[in-house]
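Enquirer: would you be able to build a 3D model of this:
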Amino acid sequence: MKVRWLVAFLLAAFTGVAAAQQGQVPTTETALGSVRIPRTVKADGKDLKAGTYQVRLTAQDAAPPAVGIIRERWVEFVQGGKVVGKEIASIVTAADIKAVAEMKPPAPGTSRVDGLKGSEYLRVWINKGGTHYLINLPPAA
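Expert: Now for the predicted structure:
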């Protein structure tokens, strides 16, 4: 009985230290900022038209993340108060961003949209409080 308690205590302590090292990711729905998508792309397999969107982090986790990524969560693209698209965002700490992305990150509190693979794909990159949210959007058909 005492061994189980000790293991549970050590596991909780280790998890707390790891979370502190990784950075804080909100556990509830959170507004990340506004972005302008310059052309129609796909978000979760559906067309997301060119325009300006509010991006909102949901509380819904996606698949287990790759190495260097804290977690992957769904984000929503909101326009006129209505969710018009959703996609997975990879969440990365400031300490790990250089291992995940080659480009210089946007300043804290800002975002940018970059063309990838010859500008075929778009990456929405939001830096909120030093935590980076990367959303990759493939081209529309």
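Enquirer: what sits against the closest residue to residue 41 other than its chain neighbours?
Expert: Spatial nearest neighbour of residue 41, excluding adjacent residues (C-beta to C-beta, 6 or more residues apart in numbering): residue 137 at 3.9 Å. In this view, the C-beta of every residue, glycine as well, is placed from N, C-alpha and C. Residues in contact with residue 137 (C-beta atoms under 8 Å, 6 or more residues apart in numbering) are 37, 41, 42, 43, 48, 87, 121, 122, 123, 124.
Enquirer: quick one: the fifth one and residue 76, what's the gap?
Expert: Okay, so that is residue 48. 11 Å (C-beta to C-beta, to the nearest Å).
Enquirer: now do the shared contacts for those two.
Expert: Shared contacts of residue 48 and residue 76, counting by C-beta under 8 Å, 6+ apart, come down to residue 85.
Enquirer: bridging residues for the closest residue to residue 48 other than its chain neighbours?
Expert: Nearest residue to residue 48 in three dimensions, chain neighbours excluded: residue 85, at 4.1 Å (C-beta to C-beta, 6+ apart). Using DSSP bridges, the beta-bridge partners of residue 85 come out as residue 77.
Enquirer: pLDDT wise, what is residue 85 at?
Expert: As predicted, residue 85 sits at a pLDDT of 97.
Enquirer: quick one: contacts for it?
Expert: 43, 44, 46, 48, 53, 76, 77.
Enquirer: the bottom helix or strand of the protein by mean pLDDT?
Expert: helix 2-22 (a mean of 37; mean pLDDT, DSSP states H and E).
Enquirer: mind listing what's buried in the helix or strand just after it?
Expert: Remark: after helix 2-22, the chain's next helix or strand is strand 30-37, criterion DSSP states H and E. Across strand 30-37, burial judged by 16 or more other C-beta atoms under 10 Å covers 30, 32, 33, 35, 37.
Enquirer: tell me the one of the contacts of residue 137 nearest residue 57?
Expert: residue 87 (11.4 Å; C-beta to C-beta).
Enquirer: grab the nearest non-local neighbour of the closest one.
Expert: residue 43 (4.3 Å).
Enquirer: what about residue 73, neighbour count?
Expert: 21 (other C-beta atoms under 10 Å).
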